[in-house]
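K.L.:
Take a look and give me a structure for this.
(2 chains)
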Amino acid sequence: DVKVTQSSRYLVKRTGEKVFLECVQDMDHENMFWYRQDPGLGLRLIYFSYDVKMKEKGDIPEGYSVSREKKERFSLILESASTNQTSMYLCASSRGARDGSGELFFGEGSRLTVL
Amino acid sequence: AQSVTQLGSHVSVSEGALVLLRCNYSSSVPPYLFWYVQYPNQGLQLLLKYTSAATLVKGINGFEAEFKKSETSFHLTKPSAHMSDAAEYFCAVSAWGNQFYFGTGTSLTVIP
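P.N.:
Below is the predicted model:
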């Protein structure tokens, strides 16, 4: 069964802490994405990556960075967590077709609370 | 630029009744369209996708959606709601570059 695995389902951090959210996919997908999901706002794209060591800003990259050192792993980093980053974070991957036809496969999500 | 509008953030239906969740998109080019479902505390799961092969698309769990270019719509339907259909539903559009644009979601409640 194909899978996108997010390392932590629930995290509680303090303001100013550095936070790492890890995502691993076993489908050999080229594309990987990080979204945040908030009630009434749907899913908003933070960063995405088309290939190893490549990254592109999404709609809301401020306060976040990413790392993709291996094809199967895409990490989201909050350098200094703030309370407005309390949210559900969803990782997704898709195959490499650039025409947009490849569907996204999602992880279970990581619910982050920043106190 | 692409965008997606889902009409109705909350929809309630009785068990056995028709489910209709509305989605309108705007796209400057022929899009790919998707419906995803999210159960509580889980990630999103693909229900169905439109890729221009056929305007009526059948998905999992008895859902289907019809692409209507003239109305720029991709509404999701199911003839008979089941209690297990209670979830959040998201419509999404993608185009060249693999960027997806999601609607704000519709929460479906099924009343026994």
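K.L.:
Now the helix or strand A:Ser75 falls within: buried residues?
P.N.:
In the assignment (DSSP states H and E), A:Ser75 maps to strand A:73-78. Residues of strand A:73-78 classed as buried by neighbour count (16 or more other Cβ atoms under 10 Å in any protein chain shown): A:73-76, A:78. For every residue, glycine as well, the C-beta is placed using N, CA and C.
K.L.:
Kindly reformat those as CSV containing pLDDT and distance to B:Gly103.
P.N.:
Listed next are the buried residues of strand A:73-78 as CSV, based on pLDDT from 0 to 100; distance: Cβ to Cβ, whole Å:
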residue, pLDDT, distance to B:Gly103
A:Arg73, 97, 29
A:Phe74, 97, 24
A:Ser75, 97, 28
A:Leu76, 98, 23
A:Leu78, 97, 26
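K.L.:
Nearest to A:Glu30, out of those: which one, please.
P.N.:
Nearest to A:Glu30, judged by Cβ to Cβ, of the buried residues of strand A:73-78 is A:Phe74 at 11.2 Å.
K.L.:
Show the contacting residues for the closest residue to that closest one other than its chain neighbours.
P.N.:
Distances taken as Cβ to Cβ, 6 or more residues apart in numbering or on different chains put A:Met32 closest to A:Phe74, at 3.9 Å, once the chain neighbours are dropped. Contact analysis of A:Met32 by Cβ atoms under 8 Å, 6 or more residues apart in numbering or on different chains lists A:23, A:25, A:48-49, A:68, A:74, A:91-93.
K.L.:
Distance across stretch B:99-112, terminal residue to terminal residue?
P.N.:
End-to-end distance of stretch B:99-112: 38 Å, with Cα to Cα, to the nearest Å as the criterion.
K.L.:
what's the answer for stretch A:56-73, then?
P.N.:
15 Å.
K.L.:
Off-centre distance for that stretch?
P.N.:
7 Å (Cα atoms, centre = their mean, to the nearest Å).
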